[in-house]
Structures are given as structure tokens and as C-alpha cells.
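**Q** Model the structure of this input:
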Amino acid sequence: MKVLLINGSPHKKGCTNRALKEVSETLNKEGIDTEIVFIGGNEIRGCISCSLCRKKGRCTFDDIVNEISLKFKECDGIVIGSPTYYAGINGTLKSFLDRLFYSANFDKSFKVGCAVISSRRAGSTSAFDEVNKYFTISNMPIVSSTYWNEVHGREDDDVELDLEGLQTMRNLGRNMAFLIKCIDLGKSEFGCPKIERDNITNFCDGLE
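**A** Next up, the predicted model:
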């Protein structure tokens, strides 16, 4: 079993990384392999809605998005880490997630997902909500913790003082490991729930 952790911050060793490291180490203790991937320093353009990924099976812009897509397909869970920019996730990560989730045409159902957000002071909960929407539209269970999945600080050393934030990350890691194991057991014991995808309704179809 493996979890992929995405560091969307432009600071490779900043607050977001410190939070992800706490989650990763906890997952390892629970018998889950992990890999932290830093994407925040890359130039990642946004989706241009060309839909060529539907024909190619990958994004037409052949960059780190396609590389991570292969890792995403093989993992059991994914953690998306972001700093808070104007009460949202940072732009590079937004472009990355739009293209990753749209172009990755494999079934993401029952892969476990969670958001990890860092902020100096505020705005983190709306960034948290923003990341979670990628999971809920993809039929992916979301992992919760004992507080919203966030840490606070300007520098990575500041996060060491956020004892509750680090505690939240450890609880998040244990909960994620538990959920992944439960889903694996459920698949073998009961199979996956039926998923209907036949109906797609547009509001211009005459709905009143």
C-alpha cells in the first residue's frame, strides 16, 4: 500500500513540507509506503480545455503532470499540500490539479484523498475546501482528523511550535492508514459499490 504526497508550495522545505513530513512518517509507522513529490518549483501551465487527453490518455502538455499521473494511478491514497494564497491554494498547484484530475482518465474511485494546508494566520479553511472538491467529484473518500488539516507558521521552524497542528497531522496519518486498510479489506470481502455514469444532464437540456 502506498500514499503519494504532493507538495505544491514553491518552498521545498517550508511549512507545507513540514506538515507533509509529519503525515508521511506516521503513515510509515502504520505500514504504508509514502513518496513526497515537490511540484511547487515547476512551471505548470493551466488547462486549456483542448480535450486531447481523452484521445491520448494523457495531457497534451508533456510535463510533470503526466509523470505524477502514473504515480497517482498506482497509489492507494493521495495527500495534496498547499500554502494559503489569498484564502486559496497557490496558482501552480491549482493548474497542476486541474490538469491532473481531468487528464488522468483512470478510475479514481476509492483512492483515499486528503488536503493539508499551511498558513501564517488565516484563510486556510477555504483553501482546504478547494482541494477537497477534487476528491469529491472523483468518487474518492476524504480523510478527516481531529481538527481541520492545517498547520500555522511563516517558516518551517514555526510549525514546530504548532503542537496541535502537528498532532492533527499525526491523527490524519493514522486515520488515512486505517481507511486505506479498511477499503482494501472491504473490496476483497464485499466488492466495490455499483457506480452509475450513464446520465449527464446539462442545464440547457430543458430542465425547469
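**Q** Run through the bridge partners of residue 77.
**A** Using DSSP bridges, the bridge partners assigned to residue 77 are residue 3, residue 112.
**Q** Could you report the neighbour count for it?
**A** Using other C-beta atoms under 10 Å, residue 77 has 25 other residues around it. To be clear about C-beta, it is placed using only N, CA and C from the backbone, and glycine gets the same treatment.
**Q** Nearest residue to residue 13 in space, please, no chain neighbours.
**A** residue 156 (6.1 Å; C-beta to C-beta, 6 or more residues apart in numbering).
**Q** which SS class is the spatially most central residue of the chain?
**A** Against the mean C-alpha coordinate of the chain, by C-alpha atoms, centre = their mean, the closest residue is residue 80 at 3.1 Å. Under the three-state scheme (DSSP: H, G, I helix; E, B strand; the rest coil), residue 80 adopts strand.
**Q** hang on, isn't it packed against residue 90?
**A** No - applying C-beta atoms under 8 Å, one finds residue 80 not in contact with residue 90, separated by 11.4 Å.
**Q** buried set for the least confident helix or strand in the chain by mean pLDDT?
**A** Using mean pLDDT, DSSP states H and E, helix 53-56 stands out as the lowest-scoring helix or strand of the chain, at a mean of 92. Residues of helix 53-56 classed as buried by neighbour count (16 or more other C-beta atoms under 10 Å): residue 53.
**Q** Please apply the same query to stretch 194-202.
**A** Residues of stretch 194-202 include none that count as buried (16+ other C-beta under 10 Å).
**Q** just stretch 24-34 next, same as before
**A** Neighbour counts using 16+ other C-beta under 10 Å place 24, 26, 27, 32, 34 of stretch 24-34 among the buried residues.
**Q** Which of those residues fall within strands?
**A** Using DSSP state E, residue 34 are the members of the buried residues of stretch 24-34 that sit in strands.
**Q** Turn the buried residues of stretch 24-34 into CSV, columns for pLDDT and distance to residue 108.
**A** Shown next, in CSV, are the buried residues of stretch 24-34 (pLDDT from 0 to 100; distance: C-beta to C-beta, whole Å):
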residue, pLDDT, distance to residue 108
24, 98, 21
26, 98, 23
27, 98, 19
32, 98, 18
34, 98, 19
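**Q** And residue 112, how close does it get to residue 139?
**A** 11 Å (C-beta to C-beta, to the nearest Å).
**Q** These two - which one has more neighbours?
**A** residue 112 (24 against 15).
**Q** Looking at that one now. What's its pLDDT?
**A** Looking at residue 112, its pLDDT is 98.
**Q** State the distance from it to residue 142.
**A** According to C-beta to C-beta, residue 112 stands 8 Å off from residue 142.
**Q** Please compute how far the helix ranked longest in the chain lies from its chain's middle.
**A** Counting by DSSP state H, the longest helix found in the chain is helix 163-190. Centroid displacement of helix 163-190 relative to its chain, using C-alpha atoms, centre = their mean, to the nearest Å, is 14 Å.
**Q** what's that helix packed up against?
**A** Under the contact definition 3 or more C-beta pairs under 8 Å, 6 or more residues apart in numbering; DSSP states H and E, helix 163-190 sits against helix 15-29, strand 77-83, strand 112-119, strand 150-152.
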